[in-house]
Every structure is written in structure tokens, then in C-alpha cells.
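Chemist: Provided below for reference: sequence and predicted model.
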Amino acid sequence: MSSAQKITDLITAAEEQKTYIDEAREKFWKEVPARRPVTPNLIPDTYAWTGLCGGEVNAPKQIIAAHNGSRLSAYTYNGTAASGTLEVVTLDKLAGKGIGFGGDLKKATNGPDGNPPWDGSRFRVLLFDADIARGQADGSPGWFFVLSKRGLGHYSGWGRGEFATQAACFVNVVSQSGDIVFFPSTNMSATIEVVAGDAGQGWLHKHATRTGWGGEFRAGFRGRGRMKVALALLYVGAGDHGGAYVYAQSLGGSYFHKEGVIYGGD
């Protein structure tokens, strides 16, 4: 074999090795977020929403009244004029509410055509129909908080610490009018926004991160207009899974609502 051929073979081998290393590196960075530990959910009752609507399912309730007896609360802020309904929907009733399966929700469950249907999934979906007619008394955009949780404890300072925190959920915007925006998670965690452009897109998995923690947990609608939106599997925890779908229920304890295991639909 000539020297020229040996050099050519060495160059080819080096290029093949580089390609292999690049592909292995890309695969590693793609998969490593999902291999990180999943911390407990800091927000209570986000799997089956057992504390909302008095324990009733598939029956709309006035949003604020639907929180009676729950560890979560709802309220309008600073003179905002708002109204709406909240419904805890079982998976087998989603289609009847005009909420199809598919999209990103396939990350979490096998769906209605599974064998058996919704194989292994007993979570429930919150369906909000919120209408903000007037903003705050000072003219600022209205705030209608629909899931709020105090008493989660305090960290050393907002946005402080050398660690990442994350929030994620599934949302499905059935309809939207005006400039109303839905925030499934904000203040305590990184902010997730659900906007007009999400309407008609089916189920979307939304994820956001920040450094450290903020204040109390809040989810709510801001602006003016009307939005009908479904929310499932809200998760707030430490770490950053890079947008990969993860979920954990909360733990029993002083800062956490102990959730029961739900079997069946209605």
C-alpha cells in the first residue's frame, strides 16, 4: 500500500471517528435531561384536582366558589371585573367537551384508543371558561387569579440561589377572544404563558425555567377578553429537564397536600 493511500485511509478513519463522536455527543445531550431526578411537585392536587368543585366532576361551577374547601384559592385583583366557570373533567368526557386527544398529550397517556382506554392514567383535566370585562381600578390590565397557593414557605430571596427551578403543564385552548392571556404558573416559578396563538393548536406541553424561587404560587388570566382553556398535569419543581416531559405528585407534609389515589372515572 502506497504512502498516499495510507494517508487517505487515516483521513477517512479520522472523519468517521469524528462523525461517531459528534453523533454520540448529540444523543447524550438530547437524552440527559430526562435522566435527571424528578423532584416532588410543590403544588398540591394537580393530578386529579380532588379538592376543587366540591369533589364533583364533569359539572361546571362558578370559578371562585369552586375553590371552597380546597387548598387552592381564586380571586379578582384590584377591582378587576371577571367571571367564569371551572370544571374538573374526567378523561373519558373530554371529547364531549370539544377537547380532542392528540398533540403533546400523547407524551403523558395512551389515550381513548388504548387497550384499555387511557391505560394507566387516572388524572383529570381542569376546564376554565374565564371572562375579564374590566381591568384594575388603576387602569392596569385585569388579573383574575384562578389557582393560588400560599404557605409554601420562603426561600432566601426571589430569584436567588445557584440552582434551576422549572414549571410545566399541558394546555389546550378551545377558544379565545380579546387580549386575554392565561398564566398556568407564575410568581413562585418561571412564568408559563398561554396566548391567542395557541387557540386551535390542540394539546401543547409548555415548560419554563428560572433561577431560584419567587413568592406565592399563582395561576391566572390577565388582560381583557374571554378564554376557554383546559389544563392538565401542572408541575412545579426544582431542576431543569430541558423541556422533556416529567411529572410527579406532591408529598404529604406541612407544605404539601397529601393526595389520594383515584380509581375510575365518575
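Modeler: It's in. Numbers count the residues shown, from 1 in each chain.

Chemist: can you tell me which helix or strand the residue nearest the centre of the chain belongs to?
Modeler: Nearest residue to the geometric centre of the chain (Cα atoms, centre = their mean): Cys169, 1.4 Å. Per DSSP states H and E, Cys169 falls inside strand 164-178.

Chemist: what comes up buried for that strand?
Modeler: Across strand 164-178, burial judged by 16 or more other Cβ atoms under 10 Å covers 165-174, 176. Backbone N, C-alpha and C define where each C-beta goes, glycine included.

Chemist: name the helices or strands packed onto the helix or strand just after it?
Modeler: Downstream of strand 164-178, the first helix or strand assigned by DSSP H and E is strand 181-186. Contact partners of strand 181-186 among helices and strands, from 3 or more Cβ pairs under 8 Å, 6 or more residues apart in numbering; DSSP states H and E: strand 164-178, strand 192-194, strand 217-223, strand 225-238.

Chemist: Repeat the analysis, applying 10 Å as the threshold.
Modeler: Counting contacts by 3 or more Cβ pairs under 10 Å, 6 or more residues apart in numbering; DSSP states H and E, strand 181-186 is packed against strand 124-134, strand 142-149, strand 164-178, strand 192-194, strand 204-211, strand 217-223, strand 225-238.

Chemist: Measure how that strand sits relative to strand 124-134, angle-wise.
Modeler: 130 degrees (axes from the mean of the first three to the mean of the last three Cα atoms, to 10 degrees).

Chemist: can you give me the mean pLDDT across strand 181-186?
Modeler: Here strand 181-186 scores 97 as its mean pLDDT.

Chemist: Direction included, what does that strand pair up with?
Modeler: Strand 181-186 sits in its sheet next to strand 192-194 (antiparallel), strand 217-223 (antiparallel), going by DSSP bridges.
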